[in-house]
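Chemist: got a sequence here, can you model it:
(chains A and B)
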Amino acid sequence: MPPVAEQTLAVKADFPIFSRRPGGRELIYLDSGATAQKPQVVIDAQAEHLRSHNANVHRGVYALAQEADAAYDEARKKVAAFVGGEPRTTIFCKNVTEAINLVAYSWGRTNIGPGDAVLITQMEHHANLVPWQVLCRERGAELRYLEVDERGELSLQQLDAELARGDVKLVAFAHVSNVLGTINPVARMTERIRAAGAVSLVDGAQAVPQMSVDLASLGADFYGWTGHKAVGPTGVGVLHGHEQLLDGMEPFLTGGDMIASVDFQTVSWNELPYKFEAGTPPIAEAVGLGAAVDYLDGLGMERVRAHERSLTAYMLERLADVPGLRVVGPPEAEKRGGLASFTLEGIHPHDVAELADRGGVCIRAGHHCAQPLMRCLGVGATARASVGVYNERSDIDALVDALQAGREVFGL
Amino acid sequence: MDDLYRDYILDHYKRPRNFGELDPHDLEALEHNPLCGDELGVHIIVKDGRIEDLRFHGHGCAISQASASIASEELKGMQLSEVGTLDAEWMIELLGIPVSATRRKCALLNLKVVRGAVTGDNAWPE
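Modeler: Okay, the predicted model is just below:
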């Protein structure tokens, strides 16, 4: 294999957590697929909002409340623009799980019935699986799965065959798999789904943090993602929806803020996007997310993607040196996001993660909220190393050293 | 020497005692660790109110497999009435290594399974 060109960003200094020295060692964080670390600018933006501009939104007439309104609106504009969306169809949620549940409840319970099918894939995170399973059970519909092949990829032929059956009303799938790393061909899939008259939902949780996402060219009817994986705060996620679909949907949660007027027996809904934002929204978190997308924009998402691809290629190359280590998912770095899930012969993934921690390296172990996929892969669990904008090649080296040392502990 | 992965822990992990299946058996249970998806089951043969024989089956990490293996040697011959009284402290002491909060369930899964099979109470041991 030719040596991999290094294109890393070198922005670790922007992230204050890396000044910590747990146990006197450097902090090696390779769990960005679970949640990303936060740059100082995001921490500051959120703190500054709370310190100087805090008031509830959409209700106050006083100047401070107008500042809070402006900050929240500005955050929505930034977040929408970041992925090429419109503020009117950009809904703030708690996370991508809530975004998907919103669609499953508001769109699904009206549009899915007996005899209909929902099509998802074997690589889905539970967040994009359980809501559809519950919906189908409730509505007497069928839940079917696109298979994952031995390279960790989906088959467009199978998608065509499923759509040709004529009963598929919705297809939901991950943009980037949180276990396999596979980057799915979203535009080619949504084109087929649209042509078949079905609705598409894409879980972008693992994609938005690491590649340029343009909603118009992806063509999904619904696209959800979460702030905390994109160097933003926890507690804020985003759902982008097709305007006509959103307009035709009943609200998900009901209460304050999402109404136009309420009488004792009747109610009329507020306009988009507020119809889907019941109660006081995560204002400071949205402001923090606005700062996060500004930060990522400043780095340039093309550069972020080059960084992730370069590090992933390096990671695949280095992991191949560890005896007994098997990486799941596509073998080529350009076909995958910045993560590698693997098993190590003779050491359970939980022990792998524990042994990595001895070397100061944070990686995840378990089923990654994708138990059906684990069954397809024939494993109970995997260990997973995932990279963020702040990682460097030395982090991967530390992981490999820790794995080698761990093998020695286990007498391998 | 490693604090957690001591020689005897790794020995029990690599060559677990009393693993396999017993057919026929009198009691059985199967449990999952929701954290990691690991599963552990047990088959028990009862004679005169005691555990005459038992076998664990399933898959898990070094801590969960070693715990089951080590416990199995103590459980053989134990009165059923005594099994219900075994608690987390019994298991952790028997294991003899410092178990962190995140690995506690790994160490206790086998006791949860055995107590479930014997008493029907499948709560996590405390």
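Chemist: how deep is residue 54 tucked in, by neighbour count?
Modeler: Looking at chain A here, since you left the chain open. Neighbour count for residue A:54, taken as other CB atoms under 10 Å in any protein chain shown: 15. Using the backbone N, CA and C atoms, a C-beta is placed for each residue, glycine as well.
Chemist: can you look at chain B instead?
Modeler: 24.
Chemist: from the stretch 101-250 of chain A, which residue is nearest to chain B?
Modeler: residue A:126 (11.6 Å; CB to the nearest CB).
Chemist: in chain A, where is pLDDT below threshold?
Modeler: Along chain A, the model assigns pLDDT under 70 to residues A:1-5.
Chemist: is there proximity between the helix or strand hosting residue B:30 and chain A?
Modeler: Residue B:30 is part of strand B:27-32 when elements are defined by DSSP states H and E. No: Strand B:27-32 lies out of reach of chain A by CB under 8 Å from any CB of the partner chain, never closer than 9.6 Å.
Chemist: quick check: buried residues in that strand?
Modeler: B:27, B:28, B:29, B:31, B:32 (16 or more other CB atoms under 10 Å in any protein chain shown).
Chemist: sorry, back to before: now the residue of the stretch 101-250 of chain A closest to chain B: closest residue in space, sequence neighbours ignored.
Modeler: residue A:369 (4.3 Å; CB to CB, 6 or more residues apart in numbering or on different chains).
Chemist: which residues touch residue A:187?
Modeler: A:217, A:218, A:219 (CB atoms under 8 Å, 6 or more residues apart in numbering or on different chains).
Chemist: surely it is within a helix?
Modeler: Yes: counting by DSSP: H, G, I helix; E, B strand; the rest coil, residue A:187 is found in a helix.
Chemist: how near is it to residue A:238?
Modeler: 20 Å (CB to CB, to the nearest Å).
Chemist: please tell me I have it right and the residue of the stretch 101-250 of chain A closest to chain B contacts residue A:370.
Modeler: Yes: the pair residue A:126 / residue A:370 is scored as a contact, 6.8 Å apart, by CB atoms under 8 Å.
Chemist: between the two, which is the more surrounded one?
Modeler: residue A:370 (27 against 16).
Chemist: residue A:95 versus the more buried one, what's the distance?
Modeler: From residue A:370 to residue A:95 the distance is 17 Å (CB to CB).
Chemist: with residue A:273 instead?
Modeler: Residue A:273 is 16 Å from residue A:95, by CB to CB.
Chemist: what's the burial count for the nearest residue to residue A:141 once chain neighbours are set aside?
Modeler: Of all residues not flanking residue A:141 in the chain, residue A:116 sits nearest, at 4.5 Å (CB to CB, 6+ apart). The number of residues packed near residue A:116 is 18, by other CB under 10 Å.
Chemist: spatially speaking, which residue is in the middle of the chain?
Modeler: By default, I'm working from chain A. Centroid-nearest residue in chain A, with CA atoms, centre = their mean: residue A:205, separated by 0.9 Å.
Chemist: you looked at the wrong chain, it should be chain B
Modeler: residue B:110 (2.6 Å).
Chemist: so that one is in which element?
Modeler: helix B:104-119.
Chemist: please enumerate the strands of the stretch 201-350 of chain A.
Modeler: For the stretch 201-350 of chain A, applying DSSP state E, counting those that start in this stretch gives strands covering A:222-226, A:237-241, A:259-262, A:267-269, A:325-328, A:339-344.
Chemist: how about the residues of chain A by chain B?
Modeler: Counting by CB under 8 Å from any CB, chain A sits next to chain B at A:347-351, A:354-355, A:365-367, A:371, A:374, A:380-381, A:409-411.
Chemist: list the contacts for residue A:31?
Modeler: Contacts of residue A:31 by CB under 8 Å, 6+ apart are A:362, A:363, A:364, A:384, A:385, A:386.
Chemist: beta partners for it?
Modeler: Beta-bridge partners recorded for residue A:31 (DSSP bridges): residue A:386.
Chemist: ok, now how distant is it from chain B?
Modeler: 14 Å (CB to the nearest CB, to the nearest Å).
Chemist: pretty sure residue A:105 belongs to a helix, no?
Modeler: Yes: when classified by three-state DSSP, residue A:105 is found to be part of a helix.
Chemist: neighbours around the residue nearest to it when sequence neighbours are not counted, how many?
Modeler: Leaving aside its chain neighbours, residue A:105 sits nearest to residue A:252 (5.2 Å; criterion: CB to CB, 6+ apart). Neighbours of residue A:252 under the rule other CB under 10 Å: 23.
Chemist: for residue A:252, give its distance to chain B.
Modeler: Residue A:252 is 27 Å from chain B, by CB to the nearest CB.
Chemist: again with residue A:71
Modeler: For residue A:71 relative to chain B (CB to the nearest CB), the value is 38 Å.
Chemist: ok, now which ones touch residue A:149?
Modeler: residue A:155.
Chemist: cool, residue B:32 as well?
Modeler: So residue B:32 contacts B:38, B:39 (CB under 8 Å, 6+ apart).
Chemist: beta partners for it?
Modeler: Going by DSSP bridges, residue B:32 forms beta bridges with residue B:39.
Chemist: so what's residue A:204 closest to, chain neighbours aside?
Modeler: Going by CB to CB, 6+ apart, residue A:204 has residue A:225 as its nearest residue, at 4.1 Å.
Chemist: do I have it right that the one you found meets residue A:207?
Modeler: Yes: using CB under 8 Å, residue A:225 is in contact with residue A:207, at 7.3 Å.
Chemist: follow-up on the earlier one: can you lay out the strands of the stretch 201-350 of chain A as a markdown table showing distance to residue B:73 and mean neighbour count?
Modeler: A markdown table is the format used below for the strands of the stretch 201-350 of chain A (distance: least, CB to CB, whole Å; neighbours: other CB atoms under 10 Å in any protein chain shown):
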| stretch | distance to residue B:73 | mean neighbour count |
| --- | --- | --- |
| strand A:222-226 | 47 | 28 |
| strand A:237-241 | 50 | 28 |
| strand A:259-262 | 66 | 12 |
| strand A:267-269 | 66 | 13 |
| strand A:325-328 | 33 | 20 |
| strand A:339-344 | 28 | 26 |
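Chemist: so which of those strands is nearest residue B:22?
Modeler: Closest of the strands of the stretch 201-350 of chain A to residue B:22 is strand A:339-344, at 29.5 Å (criterion: CB to CB).
Chemist: then the closest one to CSV, C-alphas only?
Modeler: Provided in CSV are the C-alpha atoms of strand A:339-344 (Å, rounded to 0.1, in the frame of the first residue of the first chain):
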residue,chain,number,x,y,z
LEU,A,339,-14.2,5.7,12.0
ALA,A,340,-13.1,2.1,12.3
SER,A,341,-15.0,-0.6,14.2
PHE,A,342,-12.9,-3.7,14.8
THR,A,343,-12.6,-7.0,16.7
LEU,A,344,-9.3,-8.3,18.1
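Chemist: packing partners of it?
Modeler: helix A:301-319, strand A:325-328, strand A:382-386, helix A:393-409 (3 or more CB pairs under 8 Å, 6 or more residues apart in numbering or on different chains; DSSP states H and E).
Chemist: quick one: the helices in the chain, in order.
Modeler: No chain was given, so I picked chain A. Ranges of helices in chain A, per DSSP state H, are A:40-52, A:63-82, A:96-102, A:109-111, A:130-139, A:156-164, A:186-195, A:215-218, A:243-248, A:283-299, A:301-319, A:349-358, A:371-377, A:393-409.
Chemist: other chain: chain B
Modeler: B:7-14, B:62-75, B:80-83, B:88-95, B:104-119.
Chemist: run through who's touching the shortest one.
Modeler: What that stands for is helix B:80-83. B:46, B:49, B:50, B:51, B:75, B:114, B:115, B:118, B:119.
Chemist: quick one, what contacts the second one?
Modeler: Contacts were defined as CB under 8 Å, 6+ apart; by that measure residue B:49 touches B:79, B:80, B:81.
Chemist: any weak-confidence spans in chain B?
Modeler: B:1.
Chemist: list, one by one, the residues from it near chain A.
Modeler: Residues of chain B lying near chain A (CB under 8 Å from any CB): B:2, B:4-5, B:10, B:35-39, B:59-63, B:65, B:103, B:106.
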